[in-house]
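*Asks:* Attaching a predicted model along with its sequence, questions to come.
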Amino acid sequence: MIIDTDVFIWYMRGNVKARKALNDLISFSISSVTYMELIQGIRNREELASLRKFLSKRSISIIHLNLEISQKATFYMEQYSLSHNLRLADALIAATIFTMGEILLTGNTKHYDPVKEIQTTKFQP
């Protein structure tokens, strides 16, 4: 399972349902896009250290972009950016899901609805 940025943000804000969802998983991964989005929202070095510590403690792998993910994301942007307003970060995450053959846990399933070849699980905060 790969966790979307929104679920991770809920977790970091102390949302009980997000904590339960992540704590119930034996293992999960995040996209490097999610990691960068999390860093973008961090306010200071202590929060960054806390994020790094959490990722390390849980042995959460960060899936980095590669040629296959980039090519698939480009295809998704060409197919869905004009017709469905697909955004770059969502295209990259969707391409990661497809390439890895994983399921995405997200509260924003509508962001990924146009991409029929990936599987999402809805998170309800």
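*Replies:* Nice, I can see it. From a predicted model like this one, the values you see are computed outputs, not experimental measurements.
*Asks:* List the buried residues for the helix or strand harbouring residue 56?
*Replies:* Of the helices and strands defined by DSSP states H and E, residue 56 is found in helix 45-57. Residues of helix 45-57 classed as buried by neighbour count (16 or more other C-beta atoms under 10 Å): 51, 55. All C-beta spots, glycine's among them, are computed from the backbone N, C-alpha and C.
*Asks:* Restricting the selection to alpha carbons, write it to CSV.
*Replies:* Only the C-alpha atoms of helix 45-57 are listed here, as CSV (Å, rounded to 0.1, in the frame of the first residue of the first chain):
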residue,chain,number,x,y,z
ARG,A,45,13.9,21.8,11.4
GLU,A,46,12.3,20.1,14.4
GLU,A,47,9.3,19.1,12.3
LEU,A,48,11.6,17.8,9.6
ALA,A,49,13.5,15.8,12.1
SER,A,50,10.3,14.4,13.5
LEU,A,51,9.2,13.3,10.0
ARG,A,52,12.5,11.7,9.2
LYS,A,53,12.5,9.9,12.6
PHE,A,54,8.9,8.6,12.0
LEU,A,55,9.8,7.3,8.5
SER,A,56,13.0,5.6,9.8
LYS,A,57,11.3,4.1,12.9
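*Asks:* if you average pLDDT over that helix, what comes out?
*Replies:* For helix 45-57, mean pLDDT rounds to 91.
*Asks:* Going by contacts, tell me the helices and strands next to it.
*Replies:* helix 32-41 (3 or more C-beta pairs under 8 Å, 6 or more residues apart in numbering; DSSP states H and E).
*Asks:* Fine, thanks again, bye for now.
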